[in-house]
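Colleague: Could you look at this predicted model? Sequence included:
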Amino acid sequence: MANAPEPISELYSRRILQLAGSISHTERLKDPEATVTVSSPLCGSRVTVDLKMDGDVITDFAHEVKACALGQTSSAVMAEHVVGATRDEIHEVAAQMRAMLKEGGEPPTGKWADLEVLQPVRDYKSRHASVMLTFDAVEKAMAEINEKKKETSKE
């Protein structure tokens, strides 16, 4: 079998374990503009995100992560780079991650390049949801903030 996936134990490389163990921004925000929890029914992983924005820029972030090392890794990278990121940047990185996992696309680059370590997960569809939880939560939180601002501007 020339293209057989690596054994699942091979997914948990030293770099993944280092990143997973380095999650920052774990203290919940006192007054977030949005709090979103997403979970994977398949594996039971769950991520809760607190978010604040100024216009299209994320100004504060916190999260609570209950996930495997793969979900912790993507969450750790998110926490490292999300503050100061724009709405479009987050959508672009999330789209790149989905394409990397589902379509064999290239991993994100630049400040998000650490996400490349998750490339082997593409062969394990049951692990995709855990990796994407942090992106799903941040995108939903941004949408919630956007909706609240639209409602406020109508008043």
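Modeller: That came in fine, so what should we check first? Just so you know, these numbers come straight off a predicted model, no measurement behind them. Numbering: from 1, shown residues only.

Colleague: Now do the host helix or strand of Val93, average pLDDT.
Modeller: Using DSSP states H and E, Val93 sits within helix 87-103. What helix 87-103 shows for mean pLDDT is 97.

Colleague: Please apply the same query to stretch 54-63.
Modeller: In the prediction, stretch 54-63 has an average pLDDT of 97.

Colleague: Show me what that stretch is in contact with.
Modeller: Here stretch 54-63 makes contact (Cβ atoms under 8 Å, 6 or more residues apart in numbering) with 23, 25-29, 32, 47-53, 75, 78-79, 82-88, 90, 134, 137-138, 142. For the C-beta atoms, the positions are set from N, CA and C on the backbone; glycine is no exception.

Colleague: Pull the distance from it to the chain's centre.
Modeller: Relative to its chain's centre, stretch 54-63 lies at 14 Å (Cα atoms, centre = their mean, to the nearest Å).

Colleague: give me the element the residue most central in space within the chain is part of.
Modeller: Closest to where the C-alpha atoms of the chain average out (Cα atoms, centre = their mean) is Thr134, at 2.8 Å. Per DSSP H and E: Thr134 is located in helix 125-154.
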